[in-house]
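A.B. asks: A predicted structure for the sequence below; I have some questions about it.
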Amino acid sequence: MKNNIRFSGTMLGMLTLALVLAFPSGASAAARRQQPVSINGNAGANIQGGQRNFDFSVNSTSDSCGMSRGQVVGCQGSGQMTYTDYMNNTYVVDARYVSGNGRNVYFAGPVISSSNPGQVGNWLYANVNDRQGPGAAGRDQVSGVFTNEDIARQRVANQGRTGIRPYSVNSGNVNVGYSQRANMHDPSMAPMNWR
């Protein structure tokens, strides 16, 4: 006895879609053009019962950021973030990857100096949200997590959450700024399809 299997056009389309979703060709979300973004200023936040302070001078240095075929494209950055706390702990992060989206800046880099030498070389992934000042109505927010370079770099490219709740700034002010060479509605800043 012979088995005859027939597929309707709709069924064949659904099967093709299922196979494409299950076995993608390797292409990922397109890298998007981004205006050069920076975050500057200082912020203080009460985290886990103690005051923590952050000084930012972080800038993007590439005009695109995203993932293509599983690889980070663009997202280069420069600058530093310095952390100090009420227990006299301090560390400096060298920002290597930076991206921005509206009032959010995402950056990652290795710890290059620390009061705890065991921290040097660890990677920090951070998100800063500029809510236009630390006042009660709209406090700026900071969050960050230590991880490895690959995960940190991918989170910057995907502008992912840090995985911990953001802390509201209670002193100082952080400012997210975009370069004036292009505005947010410039069609040349539309997503690019990297192949």
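C.D. replies: Structure received. Residues are numbered from 1 along each chain as shown.
A.B. asks: list the neighbouring strands of the helix or strand residue 43 falls within plus their orientation.
C.D. replies: Applying DSSP states H and E as the criterion places residue 43 in strand 37-47. Here strand 37-47 is paired, per DSSP bridges, with strand 50-60 (antiparallel), strand 171-178 (antiparallel).
A.B. asks: excluding its backbone neighbours, what's nearest residue 173?
C.D. replies: What sits nearest to residue 173 in space, not counting adjacent residues and going by CB to CB, 6 or more residues apart in numbering, is residue 41, at 5.2 Å. Quick note: C-beta positions are derived from backbone N, CA and C, even for glycine.
A.B. asks: from the chain's centroid, how far away is the strand holding residue 43?
C.D. replies: Distance, stretch centre to chain centre, for strand 37-47: 15 Å (CA atoms, centre = their mean, to the nearest Å).
A.B. asks: and the contacts of stretch 157-166?
C.D. replies: 29, 31, 65-67, 72-75, 97, 99, 101, 104, 106, 125-127, 129, 141-145, 154-155 (CB atoms under 8 Å, 6 or more residues apart in numbering).
A.B. asks: so which of the residues you listed are in helices?
C.D. replies: Among the contacts of stretch 157-166, the members found in helices (DSSP state H) are 154, 155.
A.B. asks: pull out the buried members of the contacts of stretch 157-166.
C.D. replies: The neighbour-count test (16 or more other CB atoms under 10 Å) marks 31, 65-67, 72-75, 97, 99, 104, 106, 125-127, 129, 141-145, 154-155 as buried among those.
A.B. asks: so which of those residues sit within strands?
C.D. replies: Judged by DSSP state E, strands contain the following of the buried ones among the contacts of stretch 157-166: 65-67, 72-74, 97, 99, 104, 106, 125-127, 129, 141-145.
A.B. asks: with residue 104 as the reference, measure out to residue 114.
C.D. replies: Relative to residue 104, residue 114 is positioned 26 Å away (CB to CB, to the nearest Å).
A.B. asks: I should have written residue 122 there, sorry.
C.D. replies: Relative to residue 104, and taking CB to CB, residue 122 is found at 23 Å.
A.B. asks: again, but for residue 38
C.D. replies: Distance of residue 38 to residue 104, computed by CB to CB: 13 Å.
A.B. asks: mind listing the shared neighbours of those two?
C.D. replies: Joint contacts of residue 38 and residue 104 (CB under 8 Å, 6+ apart) are residue 176.
A.B. asks: give me the phi and psi angles of residue 119.
C.D. replies: phi -80, psi -20 (degrees, to the nearest 10).
A.B. asks: what's near enough to touch the nearest residue to it once chain neighbours are set aside?
C.D. replies: Spatial nearest neighbour of residue 119, excluding adjacent residues (CB to CB, 6+ apart): residue 111 at 4.8 Å. Counting by CB under 8 Å, 6+ apart, residue 111 makes contact with 91, 92, 93, 119, 120, 121, 122, 123, 124.
A.B. asks: cool, and residue 153?
C.D. replies: Counted by CB under 8 Å, 6+ apart, residue 153 has contacts 72, 75, 96, 97, 108.
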